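Trainee: sequence unknown, structure follows:
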Ligand code: AHM
Ligand code: MG
């Protein structure tokens, strides 16, 4: 834990000194994400109360009528970032198509992709939820972006991060040089560097946590079933099961304590074509970039998540993410049984 009181802006100023040609614009973008994160955090904390007020027809403090929190989060992040002249487009899990930056604003060289409120089905139970974001460089010649700007493999990301609205609100990000975590100090209203240079624990220090929705066991491929059976029963160091059902929370715990999170395909409806729940662009790829920067790994079981070229904004993948040794053990197990 850091002993100094290093705020987001202090941290970015220091990071910027390592890049003499940096204009500071990218820093502005990340700072604006921090501002949006605080606004969403504030609303998430009041979600139960808002539910009561909403049903009574009240408006929130900004004069907006009470709306679904995931759409609220979409709007807050969009409004925080659309006018800065840094983005050409924004793509959100809440919308089918990407959204070009409005004509009234200047455009810029990046595209912002995000899942505004992941795990939102948990809100009513007061369980941790999160926002996941990913930033790519624009590659098209179209000023207000084209789909190709969004459909890039995760390896091309310039930045990725998440905001966890939990017992504390945390912002964790990587810009390709390590992973840094900030905790919102509600008294001062600032994100403070609390987890510099985050890394998955080594095998000796790992708490060996296995995170998967066991209720889907009968729908997984047989390779995953056998792998889970095998590590549950025969692992030398026993695994502990933990599953929140909010990807950001499950990933964050895996990053801190070690182990593996899995969301494999489900064969419930179609034996030949499994259904994959998690979206590559909004969920799997940004977390994979963070994982790799933190000495971890993300895989479909066969392929590195960061190498996948999506063919649509809603492209979905099976996901195994966690410590490098856990994910590679899963891959090796599947390969060994020809699954
Ligand atoms: P969402 O984006 O609609 O919230 O769905 C994604 C969520 C993830 O946060 C979580 O890992 C997963 O769905 C949980 O799914 P399940 O309830 O099927 O275990
Ligand atoms: Mg989601």
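Mentor: It's in. Note that the structure is a prediction, hence the values are computed from the model and not measured. Ligands and ions are numbered 1, 2, ... in the order given.

Trainee: buried set for the one helix or strand residue 35 maps to?
Mentor: Here residue 35 is covered by helix 25-45, with elements defined by DSSP states H and E. Along helix 25-45, the positions that meet the burial threshold by neighbour count (16 or more other C-beta atoms under 10 Å) are 26-34, 36-44. From N, CA and C alone the C-beta is placed, and that goes for glycine too.

Trainee: Quick check: residue 89 is in a strand.
Mentor: Yes. Looking at residue 89 with DSSP: H, G, I helix; E, B strand; the rest coil, it is inside a strand.

Trainee: Name all residues that make contact with residue 170.
Mentor: For residue 170, the residues meeting the contact criterion (C-beta atoms under 8 Å, 6 or more residues apart in numbering) are 163, 164, 181, 182, 183, 184, 194, 195, 252.

Trainee: my read: residue 110 touches residue 138, true?
Mentor: Yes. Counting by C-beta atoms under 8 Å, residue 138 is a contact partner of residue 110 at 6.3 Å.

Trainee: Need the contact partners of the host helix or strand of residue 15.
Mentor: For residue 15, the element it lies in under DSSP H and E is helix 8-17. Outside of helix 8-17, the residues that reach it under the criterion C-beta under 8 Å, 6+ apart are 6, 22, 24, 27, 30-31, 34, 171, 175, 177, 180, 182, 190-191, 193.

Trainee: out of these, which are buried?
Mentor: Those of these that meet the buried threshold are 6, 27, 30, 31, 34, 171, 175, 180, 182, 190, 191, 193, by 16+ other C-beta under 10 Å.

Trainee: which residue packs closest to the third one, ignoring adjacent ones?
Mentor: Right, the one you point to is residue 30. Counting by C-beta to C-beta, 6 or more residues apart in numbering, residue 12 is the residue found nearest to residue 30 once chain neighbours are left out, at 6.1 Å.

Trainee: now the residue in the stretch 1-150 of the chain that ligand 1 sits nearest to: how far from residue 267?
Mentor: Scanning the stretch 1-150 of the chain for proximity to ligand 1 using C-beta to the nearest ligand atom identifies residue 119 as nearest, at 3.7 Å. Note on residue 119: its distance to residue 267, by C-beta to C-beta, to the nearest Å, is 24 Å.

Trainee: show me where the stretch 101-250 of the chain has strands.
Mentor: Counting by DSSP state E, counting those that start in this stretch, the stretch 101-250 of the chain forms strands over residues 110-118, 129-137, 159-165, 169-174, 179-185, 190-195, 209-211, 240-241, given from the N-terminal end onward.

Trainee: just so I know, which of those lies nearest residue 312?
Mentor: strand 110-118 (12.8 Å; C-beta to C-beta).
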